[in-house]
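*Asks:* here is my input, please return the structure:
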Amino acid sequence: MRSRRPDATGGARRAVVECRVLGPWSVWVGGATAPPQLRWKKHFALLVYLARSPRQTRTRDHLIGLLWADKPEPKARRSLNVALSLLRHHAGEGSLSTDADQVQLSPGVVECDVDRFDALASAGDLAAAAALINGEFLQGFSISGCPEFEHWLYAERGSVRGRALEVLTRQANAVLDTGDTGEGERLADKARGLDALFEPAVQTAMRARALAGDRAGALSCYNHFKARLAKEMGTTPGVETETLAERVKRERTPRRAKQKQGDTGEPSPRFPLEGRADELERLLAVWRVCAGARRRSLVVIEGDAGMGKTRLAEELAARARIDGAVVGIVRAVEADLTSPWSGVHNLCRDRLLTAPGATGASPAALTALRMEPPAPALTPKALSELVAAVCDEQPLVLVLDDVQWLDRESLLATLATLRDPPAPLAIVAIVPSHPGRPELDDVRARLGREVAGVAVHLGALAVDAITRLARRAMPGVDDEQIERVTRRVTADTAGIPLLVTALLPAVAAGLDLQTARAKDGWPAPGKTLQDTLPGDLPDSIVGAIRVMFWRAGEDARRVLVTAAVLGNRSAAALLGQGAGLEKRRLTAALDELEWARWLAAEPRGYDFVARIFRDVVNRDMVTPGQRQRILEAVSA
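*Replies:* Take a look at the predicted model:
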């Protein structure tokens with residue numbers, strides 16, 4: 001509740017009149033709903049019009065022509081005087097200055113949310129400004145018989161709408177840069193609600209859905225916009241929107257898992273990127289300079305197992321694809337360390353050799369890079385030629401996951417491309433905190449000086465980030481319960497994102513943390529997540545992994561069991577063979593498991609995102625008979 005304010009003389013007190021006009025209109029006096037007389041349409045229109053006028057001043061004749069032009073002059077003047085008297089009565093003495101010719105509001109008497117919106121937007125506080133937008137300016141408001149006011153209202157709506165659209169779209173894009181695709185989608189859709197034909201908002205809505213893995217939703221936005229544009233304007237989307245739609249169609253991000261009819265399992269939620277906003281913004285800043293200024297750059301993402309290094313790289317790669325880049329990914333395994341050129345070979349298989357512009361490399365280089373196993377004559381020059389040819393057509397991102405296992409030849413050849421002539425190339429190296437790679441450390445030492453780029457270190461999630469994830473996992477749960485869950489999850493997971501996002505859905509599904517025994521001092525001193533076995537984990541984590549398993553669809557569970565039994569990275573066809581699934585069902589199951597972050601994919605096959613997931617499934621969710629049948633099926 002707002003108290004009355006003293007006037008300029010310090011004597012009589014005034015009440016603030018609040019006019020809410022960004023959406024359905026309302027008026028408040030001193031923090032309470034205004035009396036009915038002040039809510040009469042012409043009286044409210046007078047308030048808002050005066051508040052939005054230059055110096056909050058208008059002549060009496062102007063106001064009469066605006067709102068009472070349909071009355072004889074004596075009656076019109078009497079109506080204006082009644083309206084001014086009502087305002088003075090409710091707002092207090094000194095709220096109005098009037099004479100025979102002019103009417104002026106005193107400063108601070110009327111506060112409009114649109115004025116606060118303009119001030120916040122000008123100050124750069126886009127989040128607070130966007131929060132004030134609840135619809136059109138004076139949504140649903142009109143006064144019959146007042147054409148001059150209607151003309152003003154039409155013009156003011158257009159002006160405010162334009163500023164609101166800019167703020168909403170800019171804030172939506174800023175939020176997307178923090179990894180919160182849900183909030184970005186909401187803000188973009190709010191802008192589309194103001195103007196369905198505002199193309200930047202449509203593009204942002206498409207990007208938000210595509211980054212969340214909802215390609216169908218992104219293309220639905222595009223198709224709806226295209227149809228409406230043709231119907232109402234007789235035109236077609238711009239080149240940028242058409243290009244974005246084509247990129248979304250080609251996007252390889254796994255689709256959102258959908259529960260099948262009759263399936264008792266529920267897909268596990270994919271949490272938004274949380275607690276990594278600063279790191280993502282730093283990576284995106286490097287990427288945009290790299291793509292815009294054609295600057296070769298290195299991004300290093302470092303941290304212990306389970307800290308979300310790969311997820312952060314995926315967020316960067318997804319945005320790069322939406323921006324039109326070619327993205328090549330290789331995820332090394334321990335066996336690659338002693339297999340020369342295996343990393344380069346798998347990068348070429350993943351995307352490089354089929355990328356637009358690849359044929360610009362010399363025939364000798366292409367031949368050497370295509371040979372399987374890699375040709376003895378393969379040299380760093382061949383990779384440099386291919387990278388340069390691809391970068392002549394579009395930006396290129398090379399993601400090297402688990403660099404600690406990448407063969408030395410491939411690592412040196414890839415890093416050597418950073419020394420070539422300027423080109424839009426970004427190399428993303430994902431490494432554990434320990435052990436390091438001397439080849440990479442040498443380049444990291446020159447970051448920011450001779451080599452453009454950035455290195456980020458990922459640690460455990462802060463309590464506030466876990467709290468936000470808990471609220472998403474358990475909507476509607478009261479604050480006290482969320483706080484208790486957050487404390488327990490933080491203790492049981494040590495803030496490791498991989499385990500936090502496994503435990504919270506299990507709690508939401510009914511896992512009782514009170515009866516799950518927690519191990520003191522977890523993780524054990526000197527042990528990392530990579531060293532941990534199922535028996536070393538707190539019981540709550542093992543229970544959460546089991547709950548995740550049973551929440552997956554039946555086909556997905558069959559694929560998980562097969563992947564756990566086979567142990568190493570396995571081709572999709574082999575997983576389908578062991579699980580007994582035909583191609584269509586296998587594809588749907590793999591999409592579900594990628595989306596829920598059970599499995600990670602690359603051209604060489606699928607593997608568990610975390611070894612402990614594989615170990616728990618292999619130990620607890622496979623019967624001896626299943627194991628035997630799977631091994632027989634894949635060896636047939």
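
*Asks:* drop to CA atoms for contacts and neighbour counts, all remaining ones
*Replies:* Fine.

*Asks:* and this protein, what are its domains?
*Replies:* Per automatic domain parsing, the domain ranges recorded for the chain read 1-188, 277-458, 463-547, 552-635.

*Asks:* can you pull out the strands in the stretch 101-250 of the chain?
*Replies:* 102-105, 110-112 (DSSP state E, counting those that start in this stretch).

*Asks:* what's the helix or strand for D591?
*Replies:* Secondary-structure assignment from DSSP states H and E places D591 in helix 583-595.

*Asks:* list the buried ones in that helix?
*Replies:* Buried positions in helix 583-595, judged by neighbour count with 16 or more other C-alpha atoms under 10 Å: 586-595.

*Asks:* now stretch 412-429
*Replies:* Counting neighbours by 16+ other C-alpha under 10 Å, one finds that the buried residues in stretch 412-429 are 413-415, 417-418, 423-429.

*Asks:* and if you look at stretch 476-486?
*Replies:* Of the residues in stretch 476-486, 482-483, 485-486 count as buried by neighbour count, 16+ other C-alpha under 10 Å.

*Asks:* how about those residues in JSON lines, adding pLDDT?
*Replies:* Putting the buried residues of stretch 476-486 into JSON lines (pLDDT from 0 to 100) gives the following:
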{"residue": "I482", "pLDDT": "95"}
{"residue": "E483", "pLDDT": "95"}
{"residue": "V485", "pLDDT": "93"}
{"residue": "T486", "pLDDT": "95"}
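
*Asks:* out of the residues you listed, which sit inside helices?
*Replies:* For these, membership in helices holds for 482-483, 485-486, with DSSP state H as the criterion.

*Asks:* nearest to D531, of those?
*Replies:* Ranked by distance to D531 (C-alpha to C-alpha), those are led by T486 at 25.3 Å.

*Asks:* in contact with that closest one, which residues?
*Replies:* T486 sits next to 463, 466-467, 470 when contact means C-alpha atoms under 8 Å, 6 or more residues apart in numbering.

*Asks:* what does V500 give?
*Replies:* If you count contacts by C-alpha under 8 Å, 6+ apart, V500 has them with 466, 489-490, 493.

*Asks:* low-confidence stretches in the stretch 151-300 of the chain?
*Replies:* Counting by pLDDT under 70, the low-confidence segments of the stretch 151-300 of the chain come to 252-269.

*Asks:* buried set for stretch 351-358?
*Replies:* Residues 351-353, 355-358 are the ones in stretch 351-358 that count as buried (16+ other C-alpha under 10 Å).

*Asks:* how about the ones in helices among the buried residues of stretch 476-486 in TSV, adding distance to V160?
*Replies:* TSV is the format used below for these (distance: C-alpha to C-alpha, whole Å):
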residue	distance to V160
I482	39
E483	41
V485	44
T486	42
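
*Asks:* wait, which of those residues is closest to S433?
*Replies:* With C-alpha to C-alpha as the yardstick, the closest approach to S433 among these comes from T486, at 26.4 Å.

*Asks:* what's the helix or strand harbouring L50 in contact with?
*Replies:* L50 is part of helix 41-51 when elements are defined by DSSP H and E. Outside of helix 41-51, the residues within contact range by C-alpha under 8 Å, 6+ apart are 19, 27, 37-38, 56-58, 63, 67, 83, 104-105, 110-112, 143.

*Asks:* tell me the mean pLDDT over that helix?
*Replies:* When the per-residue pLDDT values of helix 41-51 are averaged, the result is 93.

*Asks:* ok, stretch 18-29 next?
*Replies:* The predicted model assigns stretch 18-29 a mean pLDDT of 93.

*Asks:* measure it end to end?
*Replies:* As for stretch 18-29, its first-to-last residue distance stands at 6 Å under the measure C-alpha to C-alpha, to the nearest Å.

*Asks:* look up the closest residue to E372, ignoring the ones flanking it.
*Replies:* Counting by C-alpha to C-alpha, 6 or more residues apart in numbering, E372 lies nearest to H345, which is 7.9 Å off, once chain neighbours are set aside.

*Asks:* oh sorry, the question was meant for P534
*Replies:* V616 (5.8 Å).

*Asks:* what's downstream of the helix or strand where that neighbour lies, the next helix or strand?
*Replies:* Secondary structure assigned from DSSP H and E places V616 in helix 611-620. Following helix 611-620 in sequence order, the next helix or strand is helix 624-635 (DSSP H and E).

*Asks:* buried stuff in that following helix?
*Replies:* 626-627, 630, 633-634.

*Asks:* ok, stretch 440-454 next?
*Replies:* Taking 16+ other C-alpha under 10 Å as the criterion, stretch 440-454 shows 440, 444, 447, 451-454 as buried.

*Asks:* how far does that stretch sit from the chain's center?
*Replies:* Once both centres are worked out by C-alpha atoms, centre = their mean, to the nearest Å, stretch 440-454 turns out to sit 29 Å from its chain's centre.

*Asks:* now that stretch: average pLDDT?
*Replies:* Averaging pLDDT along stretch 440-454 gives 91.
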